[in-house]
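Undergrad: let's see this in three dimensions:
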Amino acid sequence: MGNGTTVQEFILEGFPAVQHLGEVLFSVHLLAYLASITGSAVIVTITCVSTRLQTPMYFFLSIFSFFECCFISTVIPKLLVIFLLGRQTISFPACFIQAFVFVFLGASGFLLIAVMSLDRYVAVCKPLHYTTIMSLKTCFLLVTACIVTGFTLITALVVKVSQLSFCGPRVIPHFFCDLGPLIHLSCSDIRSIEMLAFGLALFILFTSLIITIIAYSNIVVTIVHLPSAKEHQRAFSTCSSHLIILSLMYGSCVFIYVKPKQASRLDSNREAALVNTVVTRC
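TA: Modelled structure (predicted):
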């Protein structure tokens with residue numbers, strides 16, 4: 001067909017089953033959004049101000065917190081407008097910009113999680129070489145690599161999606177513009193785009209997950225060999241909350257994106273996306 005797009009705007013369906021609870025849901029999500037933004041801003045500010053916290057671990061944490069702040073700000077403000085005012089339309093360019101920023105920040109964030117896991121591995125398992133390995137230059141290169149890799153991969157995918165034709169349905173069964181629902185609104189042949197999106201999601205999520213698992217497995221082995229029971233308890237309590245959040249993030253994203261064909265699962269993807277964008281960020 002070529003690019004025969006006639007759609008000028010999309011309609012975000014949101015959560016039609018609870019549409020009558022708009023004001024209540026607006027208040028709940030606004031509080032969650034403000035809590036997440038405040039927490040991220042406090043972490044970044046304290047890390048920049050305090051000279052004692054200017055270490056590789058807190059450097060990565062501040063970058064990750066900044067990513068989280070941008071990530072949640074990509075989605076939640078529009079969701080708040082839907083809940084409060086019922087304005088569910090979004091223009092064609094704005095929809096693609098939101099989809100790009102959301103997926104780019106998400107992909108870069110997962111790659112950064114892998115880097116943070118490696119940082120903790122070096123700190124716990126190779127403490128004598130930590131300052132040499134994790135120099136300031138190395139930290140900047142690792143963060144830059146995460147951003148460049150995420151930007152390159154996601155730009156290629158979004159450009160491909162933007163070249164599809166959109167000439168029919170314009171209701172997105174989601175509360176924001178995500179690439180999966182967008183692809184399935186196209187009246188073009190989407191098989192190659194589906195496989196490309198599946199391959200990129202598989203690469204980003206499982207590469208990050210495997211690195212994280214290997215790093216934490218070595219950390220656990222090292223902790224087990226610590227002589228003091230108090231050191232065991234302190235180390236495991238520090239890791240447990242982090243691992244719970246990671247399991248929610250990886251679980252929801254694997255459920256959403258690592259499926260070759262997603263058309264029959266868009267409704268359940270919406271709930272999983274809410275967990276990924278709101279619950280894990282608070």
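
Undergrad: now do stretch 14-32: distance from first to last residue.
TA: 18 Å (CA to CA, to the nearest Å).

Undergrad: in it, which residues are buried?
TA: By neighbour count on 16 or more other CB atoms under 10 Å, the buried set for stretch 14-32 is G14, F15, G22, L25, F26, H29, L30, A32. All C-beta atoms are positioned from the backbone trio N, CA, C, and that covers glycine.

Undergrad: and what of stretch 152-163?
TA: L153, I154, L157, V158, V161, S162.

Undergrad: for F64, see how far away the first one is.
TA: With distances defined as CB to CB, to the nearest Å, the gap from L153 to F64 amounts to 19 Å.

Undergrad: show me where the stretch 101-250 of the chain has its strands.
TA: All strands of the stretch 101-250 of the chain, identified by DSSP state E, counting those that start in this stretch, fall at 171-172.

Undergrad: need the residue closest to the centroid of the protein.
TA: Geometric centre of the chain, nearest residue: G106, 2.9 Å, by CA atoms, centre = their mean.

Undergrad: surely that one and F71 touch.
TA: Yes. Assessed by CB atoms under 8 Å, G106 is found in contact with F71 at 6.4 Å.

Undergrad: thinking S40 is in contact with I63, fair?
TA: No. Counting by CB under 8 Å, S40 does not reach I63; the two are 10.8 Å apart.

Undergrad: and F175, how many neighbours?
TA: 22 (other CB atoms under 10 Å).

Undergrad: roughly how far apart are it and R87?
TA: If you go by CB to CB, the gap between F175 and R87 works out to 12 Å.

Undergrad: what do you get for I43?
TA: Distance check for I43 against R87: by CB to CB, it reads 32 Å.

Undergrad: who's more crowded, the two?
TA: I43 (19 against 10).

Undergrad: what's the average pLDDT for the one helix or strand the more buried one maps to?
TA: Using DSSP states H and E, I43 sits in helix 22-49. The predicted model gives helix 22-49 an average pLDDT of 87.

Undergrad: one more: stretch 192-211?
TA: pLDDT averaged over stretch 192-211 gives 89.

Undergrad: please identify the buried residues of that stretch?
TA: Result for stretch 192-211 [16+ other CB under 10 Å]: buried residues I193, E194, L196, A197, F198, L200, A201, I204, L205, S208, L209, I211.

Undergrad: pretty sure the fourth one contacts P181?
TA: No. With contacts defined as CB under 8 Å, A197 does not count as touching P181, sitting 11.6 Å away.

Undergrad: which parts of the stretch 51-200 of the chain are helices?
TA: For the stretch 51-200 of the chain, the helices defined by DSSP state H, counting those that start in this stretch cover 56-85, 92-125, 130-133, 136-162, 179-183, 191-224.
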